[in-house]
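# here is a sequence together with a model predicted from it:
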Amino acid sequence: MNALGTDRIVHIIPTLDQAGAEKQMTTLACQLRRRGWDVRVAVLTRDGPYRAELKAAGVPIYYVNKRGKVDLSALLRLRRWLEEVKPTIVQTWLFAANVYGRIAAKQAKVPHILASERCVDLWKSWWHFVFDRYLARWTDRIVVNSSGVAAFYVSRGISQEKIVVIPNGMAIPERPSESRQSLLLELKLPPDTRLVGVVGRLWPQKSLRDAIWAEDLLKRLRDDVHLLIVGDGPERRALERYCEHLEITDRVHFLGHRRDALRIMAHLDVFWNTSQYEGQSNSLMEAMALGVPVVASDIPGNRDLVVHGETGYLVPRGFQFRAGIAKYTKKILEDPELAARLGMAGRERIATHFSVERMVESYEALYRALAGAGAISATELELSKIRQ
């Protein structure tokens, strides 16, 4: 029995792919289940790696089996399932689920509806925002993970009164027991190699050409720096050709999708985030939690995480962006004391301000306020504020 008695929470998400929103939803659902909440997950389109984690925590999963962009039969199935399970709160994640989930929840007469926006979604066209604004009328609150995402959606016509900021939560991982030399041996790199790296889906938002160019600049300054690109996606072949064009294939290594990404990240000398826009980067948080110094784009989502000069460095996007990435990376590589200080401060910042416990407690406060008094007070949501 939980604080809501017999009330039930349903999370609706497009997939269980290994990506940021899916990771946060899975972490939240599993933690809520362990704390005694009756929580279930509905997946719109396809399964993925997070199924095992949800199953292990005892979270029931319903597969809607949506096909194509417009599938009215999927909407009907989701509505009927919601009518059967009778949740008190439905929370939807990402655009497709925000649309299908909120419509189905409204039709099923779910008492309280939440939506989740996870990124500064510059990819959206005008009609996406028409849907967002229309469906916001049915939505008790829209949960965002950073001040940058909040500002973005307010600028697109979403009422500030609807928005609640609850930052991502990140557990502090154990550092791997294997040595750095064993990783270098595995990657067939010299024993004195310095490693920089990026982790994420290979698509335009991540601006990985900038990372490759910055590596090319570093190559001219030092003879020992190699860039590891962990992840896969539609840009991979174009990025590989770009490396060939720059004649830097000997310094840039595409490792593909890796289940052991944290093991690799732990041995980086510097972690890079070169994104054009973010919500709140899970990989950046993971690097900081591992105590790896970070150099990142100076964009809203990253500013909530990185305190410039204290927990890493932020580089303004623009003409000097690539040179700035290289400059700060060189500075860290040449100053072991600075690297250690930045890494420790970053780890402490994640542990203090962006813990899983803090995130889950913020959601619990939100759920209790909705299902209890029906209104959300500033006091009840104090935990959802980002303390700089």
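In hand now; what should we look at?
# may I have the predicted confidence score for residue 386?
Residue 386 is assigned 36 on the pLDDT scale.
# contacts only, for the residue nearest to residue 281 when sequence neighbours are not counted.
Excluding the flanking residues, the one nearest residue 281 by Cβ to Cβ, 6 or more residues apart in numbering is residue 273, at 5.6 Å. Where C-beta positions appear, they are placed from N, C-alpha and C, glycine not excepted. Residue 273 makes contact with 198, 281, 283, 284, 294, 295, 296, 297, 302 under the criterion Cβ atoms under 8 Å, 6 or more residues apart in numbering.
# among those residues, which lie within strands?
198, 294, 295, 296, 297 (DSSP state E).
# could you point out which of the residues you listed is nearest to residue 34?
residue 294 (30.4 Å; Cβ to Cβ).
# and the residue nearest to that closest one when sequence neighbours are not counted, what's its pLDDT?
Nearest residue to residue 294, sequence neighbours excluded (Cβ to Cβ, 6+ apart): residue 312, at 3.7 Å. In this model, residue 312 is scored at 96, pLDDT.
# let me know how buried residue 312 is, in neighbour terms.
28 (other Cβ atoms under 10 Å).
# residue 299 now?
20.
# same question, residue 340
12.
# helices and strands around the lowest-mean-pLDDT helix or strand in the chain, which ones?
Least confident helix or strand, the chain: helix 300-303 with a mean of 87, by mean pLDDT, DSSP states H and E. Judged by 3 or more Cβ pairs under 8 Å, 6 or more residues apart in numbering; DSSP states H and E, helix 300-303 is in contact with helix 147-155.
# now do the buried residues in the helix it packs on.
Across helix 147-155, burial judged by 16 or more other Cβ atoms under 10 Å covers 147, 148, 149, 150, 152, 153.
# which one of the residues you listed sits closest to residue 100?
Nearest to residue 100 among the buried residues of helix 147-155, with distances taken as Cβ to Cβ, is residue 153, at 19.2 Å.
# now do the contacts for that closest one.
Residue 153 touches 117, 132, 142, 144, 163, counting by Cβ under 8 Å, 6+ apart.
# same question for residue 213.
Contacts of residue 213 (Cβ under 8 Å, 6+ apart): 246, 322.
# distance check, residue 315 against residue 262.
24 Å (Cβ to Cβ, to the nearest Å).
# compare these two (neighbour count), which wins?
residue 315 (27 against 19).
# measure the residue nearest to the more buried one when sequence neighbours are not counted to residue 169 for me?
Excluding the flanking residues, the one nearest residue 315 by Cβ to Cβ, 6+ apart is residue 324, at 3.7 Å. Using Cβ to Cβ, we find residue 324 at a distance of 30 Å from residue 169.
# could you pull up phi and psi at residue 116?
The phi/psi pair for residue 116 (degrees, to the nearest 10) reads phi -130, psi 120.
# re earlier: neighbour count winner among residue 324 and residue 169?
The neighbour comparison of residue 324 against residue 169 (other Cβ under 10 Å) goes to residue 169, with 24 against 20.
# quick one: contacts for the more buried one?
Applying Cβ under 8 Å, 6+ apart, the residues contacting residue 169 are 24, 27, 28, 354, 355, 356, 357, 358, 359, 360.
# need the residues you listed in TSV with neighbour count and distance to residue 222, can you?
Below are the contacts of residue 169 laid out as TSV (neighbours: other Cβ atoms under 10 Å; distance: Cβ to Cβ, whole Å):
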residue	neighbour count	distance to residue 222
24	25	36
27	21	38
28	26	42
354	21	32
355	17	36
356	17	37
357	11	40
358	18	39
359	22	39
360	21	43
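# ok, the residues you listed vs residue 230, which is closest?
residue 24 (19.2 Å).
# my guess is residue 146 meets residue 167, correct?
Yes - counting by Cβ atoms under 8 Å, residue 146 does reach residue 167; the two are 6.6 Å apart.
# quick one, which of the two is more surrounded?
residue 146 (28 against 25).
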